[in-house]
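Student: Can you look at this prediction? I've put the sequence above it.
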Amino acid sequence: MTSNITPAISVLIPIYNVEKYLKECLDSLLSQTFGNFEAICLNDGSTDSSSAIAHEYAAADARFRVVDKQNSGYGATMNVGLDEARGTYIAVLESDDFFYPNALEILHSAAEPFDAQAVKGNFTFYWTQGQRDELHRMVEPDMCGHVVDTREDMRIFFQKASIWSGLYRRDFLLENNIRFLETPGASYQDSSFAFKIWAAAERAVFMEDPIVHYRQDNESSSVNSKGKVFCVCEEYAEVNRWLDTRDDGAYARSLRHMAHVSQYNAYLWNLDRLAPEFKLEFLRRMGDEFRSYEASGLLDWNDWSAWRALNLKSLMEDPERYIRVRERSCDDGAAKKALFALRLGGPKALAQAIAGRGKN
């Protein structure tokens, strides 16, 4: 039975065949120091015991409820959750992750006094073996504890999407038509959602505290397949479509540029994860998309740092050579990255790489 009392926070938990991790996830909600929430367990057609586990929690605690649905993918499932939510705020908890005990209290305590549209904390990478946590800093200390207009301070756009360490006003999402792209599969489908949040937020608050243990060793998480190679492209097509529908005034140009920078970063990150047989095809599509931006006048090279411009122009002009150089020298570590820059464009490129990685 659904309570008539409006919860402060609706926690959306997308679930698909996660019986191994689900109890730890839901237990982390039970142990929250902030109790005024509803937990919406969105079972996307699981074939294991995930639904039964979720129903056990719902039977024991009225704050939990289960939506059982046919499998339709992450985006469609999350949109069902947005439609079902009754809270003032929306939080997301992936079903193989788990919250820190004070996660919701930290987020809510930051949101209320600032009338924030979005709140964002850090998180830790978590490995089950050894129960090891490693802090991942999404936000810098000088961004924290005060209101930030993310259309002006755009540093958050340089980070990978991670919607599950944040809190978002539900009316803000509705007013700005911020929803998930409903594509099959479960790859990258928080990318456009996260971009829209930061592109629309006038009042964001960032916190240094870690919010979520982000599991790194779920063997069932997404893997490369032909069907998922271009999912990230669909996310950024959605970003550009959404920007086309808006009148962002003085921010329109900078937001469009930041969409392209975010797309560039996401595509290169995706490139390094792809199976070898998909890389050239993906890189050619990346080049085609950025050439279309250039042809339509949406890409101004003057807005780009010299290092990013060199990378992008190189892959647009000769994707085969770009892959060869990247595969030879773009492993983790500063020395390998320096070698990549040197091979790509000589000493000048190396200087650009050292000087320009933090710039637009």
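Tutor: Yep, it's here. On a predicted model such as this, the values are computed, not experimentally measured, just so you know. Numbering: from 1, shown residues only.

Student: all contacts plus neighbour counts: C-alpha atoms, from now on.
Tutor: Noted.

Student: remind me which residues of the stretch 1-150 of the chain are low pLDDT?
Tutor: Residue ranges of the stretch 1-150 of the chain with pLDDT under 70: 1-4.

Student: And the strands in it?
Tutor: Counting by DSSP state E, counting those that start in this stretch, the stretch 1-150 of the chain has strands at residues 9-15, 37-44, 64-69, 89-92, 98-99, 118-127, 132-136, 147-148.

Student: Adding distance to residue 51 and mean neighbour count, write those out as JSON lines.
Tutor: As requested, the strands of the stretch 1-150 of the chain are arranged in JSON lines below (distance: least, C-alpha to C-alpha, whole Å; neighbours: other C-alpha atoms under 10 Å):
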{"stretch": "strand 9-15", "distance to residue 51": "8", "mean neighbour count": "26"}
{"stretch": "strand 37-44", "distance to residue 51": "6", "mean neighbour count": "25"}
{"stretch": "strand 64-69", "distance to residue 51": "7", "mean neighbour count": "18"}
{"stretch": "strand 89-92", "distance to residue 51": "18", "mean neighbour count": "23"}
{"stretch": "strand 98-99", "distance to residue 51": "18", "mean neighbour count": "25"}
{"stretch": "strand 118-127", "distance to residue 51": "25", "mean neighbour count": "23"}
{"stretch": "strand 132-136", "distance to residue 51": "28", "mean neighbour count": "13"}
{"stretch": "strand 147-148", "distance to residue 51": "40", "mean neighbour count": "20"}
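
Student: and these as JSON lines, adding distance to residue 269?
Tutor: What follows is the strands of the stretch 1-150 of the chain, written out as JSON lines (distance: least, C-alpha to C-alpha, whole Å):
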{"stretch": "strand 9-15", "distance to residue 269": "24"}
{"stretch": "strand 37-44", "distance to residue 269": "28"}
{"stretch": "strand 64-69", "distance to residue 269": "32"}
{"stretch": "strand 89-92", "distance to residue 269": "23"}
{"stretch": "strand 98-99", "distance to residue 269": "25"}
{"stretch": "strand 118-127", "distance to residue 269": "18"}
{"stretch": "strand 132-136", "distance to residue 269": "17"}
{"stretch": "strand 147-148", "distance to residue 269": "27"}
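
Student: So which of those is nearest residue 312?
Tutor: Closest to residue 312 of the strands of the stretch 1-150 of the chain is strand 132-136 (C-alpha to C-alpha; 27.3 Å).

Student: Summarise which helices and strands that closest one is packed against.
Tutor: strand 118-127 (3 or more C-alpha pairs under 8 Å, 6 or more residues apart in numbering; DSSP states H and E).

Student: Within its sheet, name the partner strands of the strand it packs on and how each one runs.
Tutor: In the sheet, strand 118-127 lines up against strand 132-136 (antiparallel), strand 166-169 (antiparallel), strand 204-215 (parallel) (DSSP bridges).

Student: C-terminal to the longest one, what's the next element?
Tutor: Counting by DSSP states H and E, the next helix or strand C-terminal to strand 204-215 is helix 231-244.

Student: Based on its surroundings, how many neighbours for the spatially closest residue to residue 202 that is not a sequence neighbour?
Tutor: Of all residues not flanking residue 202 in the chain, residue 149 sits nearest, at 4.4 Å (C-alpha to C-alpha, 6 or more residues apart in numbering). Neighbourhood size, residue 149 [other C-alpha atoms under 10 Å]: 15.

Student: give me phi/psi at residue 149?
Tutor: phi -90, psi 110 (degrees, to the nearest 10).

Student: can you pull the contacts of it?
Tutor: 201, 202, 203, 204 (C-alpha atoms under 8 Å, 6 or more residues apart in numbering).

Student: about what we covered before: redo the strands paired with strand 118-127 as CSV? Include distance to residue 121.
Tutor: Shown next, in CSV, are the strands paired with strand 118-127 (distance: least, C-alpha to C-alpha, whole Å):
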stretch, distance to residue 121
strand 132-136, 10
strand 166-169, 6
strand 204-215, 5
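
Student: picking up where we left off before, pLDDT and secondary structure added to the contacts of residue 149, as TSV?
Tutor: As requested, the contacts of residue 149 are arranged in TSV below (pLDDT from 0 to 100; DSSP: H, G, I helix; E, B strand; the rest coil):
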residue	pLDDT	secondary structure
201	98	coil
202	97	coil
203	98	coil
204	98	strand
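
Student: Most neighbours among those, please name it.
Tutor: Highest count within those by other C-alpha under 10 Å belongs to residue 204, 27 neighbours.

Student: Pick the most deeply packed of the strands paired with strand 118-127.
Tutor: strand 166-169 (a mean of 25; mean count of other C-alpha atoms under 10 Å).

Student: Report the next helix or strand after that strand in sequence order.
Tutor: Following strand 166-169 in sequence, per DSSP H and E, is helix 170-175.

Student: Which positions in that following helix come out as buried?
Tutor: 170, 172, 173 (16 or more other C-alpha atoms under 10 Å).

Student: With stretch 248-263 instead?
Tutor: 252, 254, 255, 256, 257, 258, 259, 260, 261, 262, 263.
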